[in-house]
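>>> Got a predicted structure plus its sequence, pasted below:
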Amino acid sequence: MPEFTMPKTYDPRGTEQRLYDWWEAQGYFKPEQQMESGLADPNRTSFVITMPPPNITGALHLGHGLTAGLQDLMIRYHRMKGHPTLWLPGSDHASIATHAVIERGLAQRKLDDLLREIGFPLPEGSEGLGRVDLGRDWFMKLGWAWKKHYGGIITEQHRRLGTSCDWERERFTMDKGLCRAVRTAFVRLYERGLIYRGEFVNWCPHCVTAVSDLEVEYEDTTGNLWTVRYFLEGGGHIEVATTRPETILGDTAVAVHPDDERYKALIGRTAILPALGRRIPIITDEYVDPAFGTGAVKVTPGHDPSDYEVGKRHDLPMINIMNRDATLNEEAGPYAGMDRYEARKALLRDLEASGQLLKREPHDHALGHCQRCHTVVEPMLSAQWFVRIQPLADAALQAVRDGRIRIVPARFAKVYYNWLENIRDWCISRQLWWGHRIPVWYCDDCEAQWAALEDPTECQQCGSTHIHQDEDILDTWFSSGLWPFSTLGWPDDTADLRRFYPNAVRETGYDILFFWVAREIMLGLAMLDEVPYRVVYLHGLVRNEEGKRIHKSMPDAHKYDPLFAIEEYGADAVRYALLTGSTPGQDSKLSPKRIEAARNFANKIWNAARLVISNLGDGLRFEGFRFQVEPSNLELADRWILSRLGKLTADINRLLENYQFGEAGRQIHDFLWGEYCDWFLEIAKLRLYGDDAEAKATAQQVLAYVLERTLRLLHPFMPFVTEEIWQNLVRGAGSKEQGAGDGYQPEALMVACWPEEAGIADSEAEAQMGLIMDLVRAIRNARAEYDVRPSRRIAGLFGAGKHARLLSQQQMTLSSLAKLDLAQLQIAEAIEAPEQAVTLVVGGVTVHLPLAGMVDLKAESARLSKELEQTVQRIARTESLLANSGFTSKAPAQVVQRERDKLTELQAQQIKLEARLKSLVR
Ligand SMILES: [Zn+2]
Ligand SMILES: [Zn+2]
């Protein structure tokens, strides 16, 4: 028997790292190990989560804490249930974010050490050297060096939370295998005709790349609507309205509705473009709304998506008037070289001067901004790669409609349908370097263009070696869309792919349902003809206690930094606060106080466990923590707590199966704190510290058993403190678990079996114990009301009716918990009311508490008399106020009502005081 070494207070700092390293070294995070050791049954369905890969540029925030906490909870729960369980971690190259970080670091010379290390030290005086000067190969090298140095930080931070991932399977969206997966997916879609070259996109002039529709965030803005006059060849004019006057320079037509009588005569005539003098036709198109503005619209196919469609229908010239940074190009004539807003001002000035600017009116419209940098995006003509999305979207819709994938909470299914039903083709090319280069090659000597898995050396068509690869890279979400299978070895038919695909759950924030989840479903179905997972669980944002988004710039931001909170309160506290504060699909509020309360909960369990374990005694052995007590030795409290444990176990199983994680965590808390610690432990102490060896052994066993089972239930929420207590409990008990015949002996709580069976519900014990608890509460309240010293033992006379036998059996418990004097305790079916006593009626039992033993009668009677006198005076004052019609007619109604309420309250108090005084002097 080892010495008892459980420290007095729980120290997360000294515990968490040690336990984590040990768990990992034992191989518990690995499915192979789980199956070898006998914990997991290889024939059962695997439970797999591929962790949403955090960006390598990121730092751990509470959102990661929540998502990692939820996933670890599910993983630990299923691991204990005996499923082969895999949580595969990794990180995302985050092309646009990382690209920007490296480019900025280069400009600010923050990456000099890294550059030296990779053998590219910047020469003295090379401050102006940027990405383009240094070239693509070099930039990629720097990217990899950056990834090596900084990319692992966030992964390491995840360990602090206790995430039980299989780190040996860790993947990165740009590692070798995943690059092959990306190429394979691209080539397959290309060969199926689902990838094509389009020419109109949303362009971010700051990021200098095309962005997809999803990456554009629309905001309502009040801008201006300008009405401009275009003169016509041969006389006359037509008026058009625009919110972006600079795009006039790209107009190639004016359009009116074919049925618009006002313009019948003008159709087919030629307008003269202001400022540039270009001749453009007046055409008709059904898409023009005659009720909007003047009913005539300018058509700018190069800079407006609807106009682009009009331009295609009418075979209009398409003119791009902008450079990549949104300055105007040579097509803009005298405005070339100006920034788009500068050009707008200059053009408006010129139109005003020529008398062609007729009107300016305020106009509300939605303006698109780049999701990353918030610059106003410019719709523009630019050759880009697109995925033809409808066939993929149809399959993805079907998978949710027919229940192959379940979305939790269900209301998000509607949002998902709505989006996929109205989806537009996905622009997947980006004008960046850090990422997956598009595997398309072009021949310089013939027209050939093809996609290839391996880098080709010559043209497929003519054999020329003068070929070049597409310069662009793929949208980051293209590679993350393959995550559930690219991480498992796909496109190879690997053992991991066969065992772990489909995954079980995709747990992520509802904000990336379209960016990511929908694309994973589309690509999973397109590549493997099988859904990527069975369940999508969506969580909300973590907000601060006022419900605001947490920003780094907030004054108390550090309190919301998970690493700070872990340092301060421990990982269990952070996890528990996050998990119990969350409801599927809803934003949650988190306050530092909640984390502190969770820390207090951990301490409470620790203290209770320490008391239990330190009283287990030397000789006690648990045969597998299976219950070894003769039923006849069980006392009422034992039967009660075992019944409550059974109920709790059933509830937790049901809640976890229904993804009600927050409620499950709260119920375990209420059981442990409210029933086990506050009641059962207090009652069991009577036996623990008593002389009856057999009763003591029973109490020890029940205490240990219930604690051990509850630790298992709580483990997925608070893995560290539960494991540390469990280790002490097992070592203290001097025994290891003997499983139910399967030979499985866990060395750790995290690989112990999950309690599934509900145990024996004992409704009689629950009812009887309920009565005892109600009696104790009532007596405690009475004591508090009479201000009885906590240590003072008082007399108690119970008229117990049919409960007389029960109360007699429980007199030790009653007297101990309610601080009654055993010598002055009377229990009978009926009992005569003594004089000067407080009388309580609880569940059919009448309790008399003689006041003589509780208070100093004389002093109490003097105190009550004084209080009564004051009450009577206040009643008189209030009554006279209310009798004054000047007051009741002039004062606001709620003030009068308040006085009336006060009077009622005072009158009730008077009656109470008189009764109490009467009971004293009788
Ligand atoms: Zn941008
Ligand atoms: Zn060729």
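Nice, thanks for sending it over. Ligands and ions are numbered 1, 2, ... in the order given.
>>> okay, CA-based contacts and neighbour counts for the rest of this
OK.
>>> Just confirm Leu142 is within a helix.
Yes - per DSSP: H, G, I helix; E, B strand; the rest coil, Leu142 lies within a helix segment.
>>> Counting neighbours, what do you get for it?
22 (other CA atoms under 10 Å).
>>> and the gap between it and Val182?
In this view, Leu142 and Val182 are 22 Å apart by CA to CA, to the nearest Å.
>>> ditto for Lys548
Counting by CA to CA, the gap from Lys548 to Val182 is 38 Å.
>>> Comparing those two, which residue is more hemmed in?
Between Lys548 and Val182, Val182 has the larger neighbour count (other CA under 10 Å), namely 28 against 11.
>>> is it true that the more buried one touches Gly481?
No - using CA atoms under 8 Å, Val182 makes no contact with Gly481, being 9.4 Å away.
>>> Which other helices and strands does the host helix or strand of Val730 contact?
Using DSSP states H and E, Val730 maps to helix 719-733. Other helices and strands packing on helix 719-733, by 3 or more CA pairs under 8 Å, 6 or more residues apart in numbering; DSSP states H and E, are helix 12-26, helix 571-580, helix 592-614, helix 693-714.
>>> cutoff 10 Å now
helix 12-26, helix 62-81, helix 571-580, helix 592-614, helix 693-714 (3 or more CA pairs under 10 Å, 6 or more residues apart in numbering; DSSP states H and E).
>>> tell me the mean pLDDT over the second one?
Right, the one you point to is helix 62-81. What helix 62-81 shows for mean pLDDT is 95.
>>> I'd like the next helix or strand past that helix.
According to DSSP H and E, the helix or strand after helix 62-81 is strand 85-88.
>>> residues in contact with that next one?
Outside strand 85-88, the residues that touch it by CA atoms under 10 Å, 6 or more residues apart in numbering are 28-32, 34-35, 40, 45-53, 71-72, 74-79, 163-171, 484, 487-488, 500, 503-504.
>>> Against which helices or strands is the helix or strand harbouring Ala271 packed?
Assigned by DSSP H and E, Ala271 falls within strand 270-272. Based on contacts counted as 3+ CA pairs under 10 Å, 6+ apart, the elements that strand 270-272 packs against are strand 216-232, strand 237-242, strand 253-256, strand 279-284.
>>> Does anything pack onto the first one? Which helices or strands?
Packing contacts for strand 216-232, counted by 3+ CA pairs under 10 Å, 6+ apart, involve strand 195-204, strand 237-242, strand 270-272, strand 279-284, helix 340-353, strand 357-370.
>>> need those in TSV with distance to ligand 1, mean pLDDT and mean neighbour count, can you?
Converted to TSV, the helices and strands packed on strand 216-232 look like this (distance: least, CA to the ion, whole Å; pLDDT from 0 to 100; neighbours: other CA atoms under 10 Å):
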stretch	distance to ligand 1	mean pLDDT	mean neighbour count
strand 195-204	5	94	21
strand 237-242	24	94	18
strand 270-272	35	96	22
strand 279-284	33	96	20
helix 340-353	16	96	16
strand 357-370	5	93	16
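>>> So for ligand 2, which of these sits nearest?
strand 195-204 (18.9 Å; CA to the ion).
>>> what angle do that closest one and strand 216-232 make?
90 degrees (axes from the mean of the first three to the mean of the last three CA atoms, to 10 degrees).
>>> Tell me if I am right that Leu814 is in a strand.
No - Leu814: not assigned to a strand; according to three-state DSSP it is helix.
>>> who touches it in this structure?
Applying CA under 10 Å, 6+ apart to Leu814 gives the contacts 683, 772-773, 775-776, 779, 796, 807-808, 820-822, 825.
>>> Would you pull up the residue in the stretch 151-300 of the chain closest to ligand 1?
Cys207 (4.1 Å).
>>> what's that residue in contact with, if anything?
Contacts of Cys207 by CA under 10 Å, 6+ apart are 96-97, 99-100, 324-325, 370, 372-375, 377, 430-432.
>>> and what of Arg916?
Going by CA under 10 Å, 6+ apart, the list of residues near Arg916 reads Gln836, Ala837, Val838, Glu860, Ser861, Leu864, Ser865, Gln910.
>>> how about whatever helix or strand the third one lives in: buried residues?
Meaning Val838. Using DSSP H and E, Val838 sits in strand 837-842. Residues of strand 837-842 classed as buried by neighbour count (16 or more other CA atoms under 10 Å): Ala837, Val838, Thr839, Val842.
>>> What of stretch 478-493?
478-491.
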